[in-house]
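In: from the sequence below, what's the structure:
(2 chains)
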There are 2 protein chains.
Amino acid sequence: MDIKEYIRENESRFLDELFSLIRIPSVSAEPKHKEDMLACAERWRQLLLEAGADEAMVMPSQGNPLVYAEKRVSPDAPTVLIYGHYDVMPAEPLELWKSRPFEPEVRDGHIWARGADDDKGQSMIQAKAFEYLVRENLLRHNVKFILEGEEEIGSPSLNAFLHEHKDMLKADVILVSDTSMLGADLPSLTTGLRGLAYWEIEVTGPNRDLHSGHFGGAVANPINVLCGLIDQITDEDGRITVPHFYDDVEEVSEAEREMIASIPFDEQKYMDAIGVKALKGEKGYSTLERNSCRPSFDVCGIWGGYTGEGSKTVLPSKAYAKVSCRLVPHQEHEKISKLFAEHIRSIAPESVTVSVTPMHGGEGYVCPISHPAYRAAEKGFAQAFGKKPLAVRRGGSIPIISDFEHILGIKTILMGFGLESNAIHSPNENFPLDIFRKGIEAVTVFHREFDNAIRQ
Amino acid sequence: MDIKEYIRENESRFLDELFSLIRIPSVSAEPKHKEDMLACAERWRQLLLEAGADEAMVMPSQGNPLVYAEKRVSPDAPTVLIYGHYDVMPAEPLELWKSRPFEPEVRDGHIWARGADDDKGQSMIQAKAFEYLVRENLLRHNVKFILEGEEEIGSPSLNAFLHEHKDMLKADVILVSDTSMLGADLPSLTTGLRGLAYWEIEVTGPNRDLHSGHFGGAVANPINVLCGLIDQITDEDGRITVPHFYDDVEEVSEAEREMIASIPFDEQKYMDAIGVKALKGEKGYSTLERNSCRPSFDVCGIWGGYTGEGSKTVLPSKAYAKVSCRLVPHQEHEKISKLFAEHIRSIAPESVTVSVTPMHGGEGYVCPISHPAYRAAEKGFAQAFGKKPLAVRRGGSIPIISDFEHILGIKTILMGFGLESNAIHSPNENFPLDIFRKGIEAVTVFHREFDNAIRQ
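Out: Residues are numbered from 1 along each chain as shown, chains lettered A, B, ... in the order given. As a prediction, this is how the structure comes out:
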């Protein structure tokens, strides 16, 4: 039976199974859903067994449990490890939902519910492609599943779990459906992610808040100083001034720049959507390059002095900022973190004390488009969507992807089927049924083509 | 009877009277003390009558009432208007007081209580000097008293009151005891105050908080922009870059600079007291010049983005700052306010929207040391303290003093007897008894010498 037919015949069951997962409000951010996390993990265990896994289990971690399943074809065959997550974001504000977030509904050809896309829907695509291959006896490599329950809260327990279960998780490639495409008619694969470094800066001036009349003009004001420090981090061309910051930056290749330039992108629409009259960024790069392939420096938060109603004159003792850099592949976040802290200290005037505290960070990620699994994914998209997918780097950071690379030594293929309009993390999350079908088809092709490539 | 003898004979009554005022907790910042404000005003009315006023009354205003009293000597004689305030700052934190703030106590030659200096103690100096002159029949000019009950909350009702009672308040000079001397052995008169202009700046970038991964590097971050704007307001020499900002600034004369240089001032002690390792200010001026005779620019408060625990990556929609300039005599705060707002708007990049809202402001003040009343005050200090007082400009702003000049057209002599160690606005406010005595003596000399000068 071909995959299209298989989907047609089984779709109502697929949806019933997906809905059974969605009805469990597995909101990892809220402790009251502890029981739901367990129930959802258990439901996945059953579903993966039914889909064809030899074994499936719910495994403890320092936080919520993970679901592990595997189908062994042969010890000599390659292995694909599929990662997903069963936890979801809180559904609030509830009043903005057209139907209840945990009571899934099909309307206008979309599934509407929290988790319809992220990541219950997308993980179900993987599970159902796997089921088809097992039932039709088409699987020629081993498949493992690992589904975590803390992705939406930053995967705090995953790192330790990976270290502890390196052997169990051995694989040739990791496949993840948890990202988006450029559009329903613009299939794309995410080939790069930015890294992140994050610091808190504390500037201390006088040992107490001073009267700005009695001291103003003679004593350095820590807020003024902090603003000066922040302003010095980028130059007029929008480049970061920290010495050696760009040393490891992978320059965007001409080929990639051409590819990026070919992405349909309406700058005016982009500006209208976020309500700005002009864009701003590093000289010599386009907007899409700036927000995906180039590092950036943003103040995420700033505070100090009097911030209440009206006007109070004060020369404050302290000023604070939370600042971050998005990094690009090959920039090591710990190295950047040190360079930045040293630089801030070196430019800080003697009239204040400055401390820079590194917060969390993560490396960027890049998947070479020559990777056989990437090629297989490309063919999957091409068959299902009738178009060769674009290879795009994304500006965000998914630290677990670089963890996979660093801890397990495995490259990840980000074969995501999301759309911006799916409203993940927002009210009225949804997933178009036709993308759900195309996704399953694309993944079956991936497995076939991955086998072909490996066996050549 | 000479004044020293008069004080000796009457001091215990003076203190009883002062204590009766102090025991009324006339805290203008706290609505629960509404009744106390009335009681304190009424007590002052009685005391001024007893001290020798022809009439005294409690007069309504838009806020707390004012006390007005007058002694008419002759319609042809000049008039001295004495200003003071009967309200006090809150006493909190109470646990830091060694004795109860509204239960005055004499210890180690000091009066300890909220208001012992500011301004019940200092106003009492004026009242008792007046009493002596009346009783000894030495008064040759008219004296008026005006005591307000809202000085500690910014005198919100005084402006309207001055406009409404211009005639009643007619005088040749205003005398105020509500400032400090350089030290107990360094008598000084305040001859200048800085003005103030205050703004709130709001920088709006995108129409909502954005994901700093997806947008960082391509979209202007309003906090980064705000820091840049603030940093541009002062140049490397610590000068304010707003065009025409210095146009009306009165340059400090060589004579005044010499006088300032002669003030005993230990920069290391100054730094130690506020806990900084270096000072910072406008190039070419000393610390004492910078904090009194030169304009300054301080950020009083700043906020925007994520300011909670930990790290959240966000490219925020908004950033805010409360900023102020201390101004020097001849700079008009409304003109500066406009120049500043125009300048900020002119340097703001197109990628954000910037709004600048002027908050309160006030002009600086300068009293020429050739003014006959200034000379009289100088002689008062010289006799009481055995030393000619220094003429010093102060960096703070007392907007009512410039209001007196602008609304009533009268110059003010700031004949204050406070000391830094008197801890006004802080726990354990106090006033040394010997300064209290010298103050009364100095004020009696002022009245005598003012008469002499006027009649010459």
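
In: look up how far residue A:206 lies from the spatially most central residue of chain A.
Out: In chain A, the centroid-proximal residue (C-alpha atoms, centre = their mean) is residue A:398; its distance is 3.7 Å. Residue A:398 sits 43 Å away from residue A:206, taking C-beta to C-beta, to the nearest Å as the criterion. C-betas here are computed from N, CA, C, even on glycine.

In: what's the longest helix in chain A?
Out: helix A:433-455 (DSSP state H).

In: pretty sure residue A:356 is in a helix, no?
Out: No: counting by DSSP: H, G, I helix; E, B strand; the rest coil, residue A:356 falls outside a helix, being strand.

In: how much space separates residue A:6 from residue A:369?
Out: Distance from residue A:6 to residue A:369, by C-beta to C-beta: 30 Å.

In: neighbour count for those two, which is higher?
Out: Ranked by neighbour count (other C-beta atoms under 10 Å in any protein chain shown), residue A:6 and residue A:369 place residue A:6 first, with 20 against 14.

In: go ahead and confirm the more buried one touches residue A:133.
Out: No: applying C-beta atoms under 8 Å as the test, residue A:6 and residue A:133 come out as separate, 10.1 Å apart.

In: which parts of the stretch 301-450 of chain A sit against chain B?
Out: Applying C-beta under 8 Å from any C-beta of the partner chain, we find that the stretch 301-450 of chain A lies next to chain B at A:301-308, A:310-316, A:319-322, A:324, A:326, A:349-353, A:359-360, A:394-397.

In: can you give me the domain boundaries for chain A?
Out: A:3-193+A:364-455, A:195-249+A:295-361 (automatic domain parsing).

In: quick one: terminal-to-terminal distance for the last one?
Out: Just to be clear, that refers to domain A:195-249+A:295-361. 7 Å (C-alpha to C-alpha, to the nearest Å).

In: quick check: mean pLDDT across that domain?
Out: Averaging pLDDT along domain A:195-249+A:295-361 yields 95.

In: any idea how far it is from the middle of the chain?
Out: Offset of domain A:195-249+A:295-361 from its chain centre (C-alpha atoms, centre = their mean, to the nearest Å): 27 Å.

In: what secondary structure does residue A:250 sit in?
Out: Residue A:250 ends up coil, using three-state DSSP.

In: surely residue A:24 touches residue A:41?
Out: No: in this structure residue A:24 lies outside contact range of residue A:41 using C-beta under 8 Å: 9.4 Å.

In: can you list residues touching both of those two?
Out: Contact criterion C-beta atoms under 8 Å, 6 or more residues apart in numbering or on different chains; residues shared by residue A:24 and residue A:41: none found.

In: count the neighbours of the residue in the stretch 351-456 of chain A that chain B sits nearest to for me.
Out: Minimum separation of the stretch 351-456 of chain A from chain B (C-beta to the nearest C-beta) falls at residue A:396, amounting to 3.1 Å. By other C-beta under 10 Å, the residues close to residue A:396 number 19.

In: ditto for the one 10 residues further on
Out: Neighbouring residues of residue A:406 were enumerated by other C-beta under 10 Å; the total is 14.

In: separation between the nearest residue to it once chain neighbours are set aside and residue A:81?
Out: Excluding its sequence neighbours, the residue lying closest to residue A:406 (C-beta to C-beta, 6 or more residues apart in numbering or on different chains) is residue A:363, at 7.2 Å. The spacing between residue A:363 and residue A:81, counted by C-beta to C-beta, is 19 Å.
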